[in-house]
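> no sequence on this one, just coordinates:
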Ligand code: GDD
Ligand code: MG
C-alpha cells in the first residue's frame, strides 16, 4: 500500500516558526512531526510514501533521505511552484500503482488507517474521506452525506453561518488511482475546491468515514500548543510518561519540576527555576536561576535568563530570552531572536529575527 503525504504548504499561520523550519519539521514532543506521521504509516503497514514538497524542501529531504533508516521507501517530488492539493497528486501520478492514502501533512490524529481501508473496501467507493465533528466547521472542508455515507456535497471553508453540517474533512483520504484521471495536469488544482466537488457533481461514489478519533490540525500556534497539552494528558495517546519524561529527564533538578514536562538532551536547569506544567524543552536548553517556564514549548538551544517568565509561549531554536524579561501569553518567538533583558512582551507577540 502507498501513501502520499502533502508537505508543500508554506505554514503561513505558524510564522515566524516556519520562516526557517518547514511545517513538517516542526517538532512534536521533540520529534519532527513528519517523522511521527511516517512512523504511524509504517505501523499501519504502509512503507512506500511519496512526498510532494516545495517550501524549504532541503530541510525535509536532508533529514529523511530515502527513508531506509525508517525501514521505508520515501520519494520526494519538489514543486517549482505550488500545484495545490490535487495538482500535487497529479504531479506524482507516475509513482502511484493502485489505491493510495493521501494525508495532509499537518494533521495529528489517532485514526486507525487499517480500519479506514476496510471501510473503503466495504463501500467500494472511488474515494473515502475521513471526517470528524467540528464546533466551527467554517475553517474546514464541510461534507454532507446520506445515511449510507455517500457524499452529496463538499464545501471548502463556507461562511460561518452557511455550513450545512458540522462534519468536516479531516485531511486523510483513500483514493482509487482513477481519481487522478479527474485532475487536470500542468496547473494548480485544489482537491477541496475543484476535484471533490466535480466528482460529486458527476455522480461518482465518494464515501464519508466519520470517526470520533483525537484530531487536530497543527497549523496554528494555539493548536500546536493545545496538541502538546493533549499528548501530556493522554487525550492523544503518544505514550508520554506522566511527571517528567524525555531523554534528558534525569538531568532535571527535582525542585524545578512542575509536571508534566518533557525534556531533551543536554539541558541545564537551575534548581530554583520552575519548569512546567505542560512544558517541552528541546535539546541543550538553559533555564536560569529563578526563571519560570510554564505551558510553553522551547525548541533546541533556547536560553532563558535569570528571573525571566514565559507563559504559553513557543520559542524557536537558539532564541535567547534576557534576564527578567516577561513573555506574554500566546507569544511566538522566532529562530535566534534575542529578547533584551527586562523586556515586557505583550500577549500574542510574534517576533522574528531581523535579517542582518
Ligand atoms: N505539495 C503541496 N503543494 N502541498 C500543499 C500545497 C501545494 O501546493 N498546498 C497545501 N499543501 C499541503 C500543506 O502542506 C498541508 O499539509 C495540506 O496540503 C493542507 O494544506 P493547508 O494549507 O494546511 O490546508 P487547511 O488546513 O487550510 O485545509 C485543509 O485541511 C483541513 C483539515 O486540516 C483542507 O483539506 C480542509 O478541507 C480540511 O478540513
Ligand atoms: Mg492545515
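Nice, thanks for sending it over. Just so we're clear, the structure is a prediction, and the values are computed from it rather than from any experiment. Ligands and ions are numbered 1, 2, ... in the order given.

> residue 81 in helix, strand or coil?
Of the three states, residue 81 takes coil according to DSSP: H, G, I helix; E, B strand; the rest coil.

> who touches it in this structure?
By C-beta atoms under 8 Å, 6 or more residues apart in numbering, the residues touching residue 81 are 54, 188. From N, CA and C alone the C-beta is placed, and that goes for glycine too.

> thought residue 225 was touching residue 312?
Yes: assessed by C-beta atoms under 8 Å, residue 225 is found in contact with residue 312 at 6.5 Å.

> which stretches of the stretch 101-250 of the chain form strands?
For the stretch 101-250 of the chain, the strands defined by DSSP state E, counting those that start in this stretch occupy 107-109, 127-133, 141-145, 151-156, 167-175, 206-210, 215-217, 244-245.

> make JSON lines out of those strands and add mean pLDDT.
Shown next, in JSON lines, are the strands of the stretch 101-250 of the chain (pLDDT from 0 to 100):
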{"stretch": "strand 107-109", "mean pLDDT": "96"}
{"stretch": "strand 127-133", "mean pLDDT": "98"}
{"stretch": "strand 141-145", "mean pLDDT": "98"}
{"stretch": "strand 151-156", "mean pLDDT": "98"}
{"stretch": "strand 167-175", "mean pLDDT": "98"}
{"stretch": "strand 206-210", "mean pLDDT": "98"}
{"stretch": "strand 215-217", "mean pLDDT": "96"}
{"stretch": "strand 244-245", "mean pLDDT": "96"}
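
> now the spatially most central residue of the chain: how far from residue 263?
Most central in the chain under C-alpha atoms, centre = their mean is residue 106, positioned 3.2 Å from the mean C-alpha point. For residue 106, the distance to residue 263 equals 25 Å [C-beta to C-beta, to the nearest Å].

> do residue 333 as well
Applying C-beta to C-beta to residue 333 and residue 263 gives a distance of 19 Å.

> can you check residue 70 too?
Distance from residue 70 to residue 263, by C-beta to C-beta: 24 Å.

> try residue 275
Residue 275 is 8 Å from residue 263, where distance means C-beta to C-beta.

> what does this protein put close to ligand 2?
Within the chain, the positions near ligand 2 by C-beta under 5 Å from the ion are 106, 217, 219.

> nearest to ligand 1, of those?
residue 217 (3.5 Å; C-beta to the nearest ligand atom).

> pretty sure the closest one sits against residue 224.
No: between residue 217 and residue 224 no contact is recorded; they are 9.7 Å apart, counting by C-beta under 8 Å.

> what about those two, which has more around it?
The neighbour comparison of residue 217 against residue 224 (other C-beta atoms under 10 Å) goes to residue 224, with 25 against 20.

> much appreciated, bye for now.
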